[in-house]
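Q: Pasting a predicted model and its sequence here:
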Amino acid sequence: MKHAPLLCAAALLALAACSDGADRSPPVADAKNAANSAEWTGDGMTSRDDAAEPDDVARPGMQLQVVLDRLGFSSGVIDGRMGMSTTNALKGFQEARGLAVTGEWDAATKAALAQWGAIPATRVVAVPESYTAAGFAPLPAKAGARAKLSAMGYESLLEKLAERFHTTPEVLLDLNPSLLPVTTGDGSEGAPAITASMPLRVPNVGADRIVAADIQNKEWLATLASLGVGSDQPEAGRIEVSKKAGTMKLFDAGGTLIALFTVTTGSAHDPLPLGKWKVRGVGRNPDYAFDPALLRDVPASEGKHRLPPGPNNPVGVVWIDLDKEHYGLHGTPEPQAIGRSESNGCVRLTNWDAARVAQMVSVGTRVDFIA
């Protein structure tokens, strides 16, 4: 995705999209949530016959990430690597199950995950025509030019497909070695040619079933479908963001851990504001007030601009406003940077994780920022 200033003083966000609460559904059982594959996602994405197109590569790390993602313990980007984010996800699962919180894929954890062992790491989908028919173009570098766009959408089909399956374009290319870059007229490499109905191997994300009748905002419905995020999410009673761990934990009303996400939590210049806060509103597909005065290393000559909504908006597809002025929880145009780069004080998640959180909170949900 095109790099944008890492802000939070997102402050002047246009919260026109803010609602008085999140679209929510009753909690679902973990087993149902984890086993649920693409029952209906609203975007025409259909799975092909896995038996006829088995994966000939063993991907135990990716299978683990897929199952944890389905259960609400997200590794952020699904890439098969046993890094920091996967360790965090394992710790969340272990804490929720009353296991020793080691962050290791140990024997006890493997036993607890065994019931989902038959879920494959990948599946093959047929790329829908609605995806290939969409327009894609690089975003202009300057905020003034971006402000003239109708939306800050995906720059390529590969990028759109990567977000749909909670991964990166690089991982999709690795899973599909036949996808070779097209050589352009000047001899450089362009995006690979992806056509409608083309089979594509992708991470086997699930928990993406959408009940259209439950989502009144049709633009948000389309966003959930494009991110592979189901409409049926458990309700959070409290959120805890840890500066030290770089994680966001969500607990139900009884205090049980129901989800964990790796996040970016500020910087030395703009530290996380420790304390107890509350959700003031949820902005779905928000626009963004670009103000150089609030951003580091952005010259005043850039000027103030209103940037349109879209997955490549500086705050992604979600802004969850807090009663701490200028602070919130939000998405990002750079999912691969979560937990690995600084923000201007706010809490950033991948777009798909932010969308999930938006389905779990409502006005008044408590948010604790801890050291």
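A: Right, received. Where do you want to start? A quick note: this is a predicted structure, and the numbers were derived from the prediction, not measured.
Q: Quick one: low-confidence residue ranges for the stretch 151-300 of the chain.
A: The model of the stretch 151-300 of the chain has pLDDT under 70 over residues 182-190, 266-269.
Q: can you map out the strands along it?
A: 181-183, 189-192, 199-203, 238-242, 247-251, 257-262, 275-284, 288-290 (DSSP state E, counting those that start in this stretch).
Q: now the ones you listed as a markdown table including mean neighbour count and distance to residue 154?
A: All C-beta atoms are positioned from the backbone trio N, CA, C, and that covers glycine. Formatted as a markdown table, the strands of the stretch 151-300 of the chain follow (neighbours: other C-beta atoms under 10 Å; distance: least, C-beta to C-beta, whole Å):
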| stretch | mean neighbour count | distance to residue 154 |
| --- | --- | --- |
| strand 181-183 | 11 | 17 |
| strand 189-192 | 14 | 11 |
| strand 199-203 | 21 | 16 |
| strand 238-242 | 20 | 28 |
| strand 247-251 | 23 | 25 |
| strand 257-262 | 24 | 22 |
| strand 275-284 | 20 | 18 |
| strand 288-290 | 24 | 17 |
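Q: mind checking the SS state of residue 352?
A: Secondary structure state of residue 352, per DSSP: H, G, I helix; E, B strand; the rest coil, is helix.
Q: I'd like to know how many residues surround the nearest residue to it once chain neighbours are set aside.
A: Excluding its sequence neighbours, the residue lying closest to residue 352 (C-beta to C-beta, 6 or more residues apart in numbering) is residue 227, at 4.4 Å. Neighbours of residue 227 under the rule other C-beta atoms under 10 Å: 27.
Q: again with residue 361
A: Residue 361 has 25 neighbouring residues, counting by other C-beta under 10 Å.
Q: Please tell me how far it sits from residue 102.
A: As judged by C-beta to C-beta, to the nearest Å, residue 361 and residue 102 stand 29 Å apart.
Q: Also residue 312?
A: With distances taken as C-beta to C-beta, residue 312 is found 37 Å from residue 102.
Q: neighbour-wise, which of the two wins?
A: Counted by other C-beta under 10 Å, residue 312 and residue 102 do not tie: residue 312 has more neighbours, with 26 against 13.
Q: Next, the more buried one: secondary structure please.
A: For residue 312, the secondary structure call by three-state DSSP comes out as coil.
Q: And it, what's its pLDDT?
A: With respect to pLDDT, residue 312 has a value of 97.
Q: my guess is it contacts residue 156, does it?
A: No: look at residue 312 against residue 156 with C-beta atoms under 8 Å: they stay out of range, at 11.0 Å.
Q: what sits against the nearest residue to residue 128 once chain neighbours are set aside?
A: Leaving aside its sequence neighbours, residue 128 sits nearest to residue 44 (C-beta to C-beta, 6+ apart; 3.4 Å). Contacts here follow C-beta atoms under 8 Å, 6 or more residues apart in numbering; on that basis residue 44 touches 128, 129, 130, 131.
Q: Mind doing that once more with 10 Å?
A: Residue 44 makes contacts with 126, 127, 128, 129, 130, 131, 196, 225, as judged by C-beta atoms under 10 Å, 6 or more residues apart in numbering.
Q: Run a quick neighbour tally on the third one.
A: The burial metric for residue 128, expressed as a neighbour count using other C-beta under 10 Å, is 15.
Q: Just list whatever residues bridge to residue 305.
A: On the basis of DSSP bridges, residue 305 is bridged to residue 290.
Q: Quick check, residue 140 in contact with residue 146.
A: Yes: Residue 140 is within contact range of residue 146, at 5.7 Å (criterion: C-beta atoms under 10 Å).
Q: Between these two, point out the one with more neighbours.
A: residue 146 (23 against 13).
Q: List the contacts of the more buried one.
A: Residues near residue 146 by C-beta under 10 Å, 6+ apart: 2, 4, 139-140, 152, 288, 290, 305-308, 310, 312-314.
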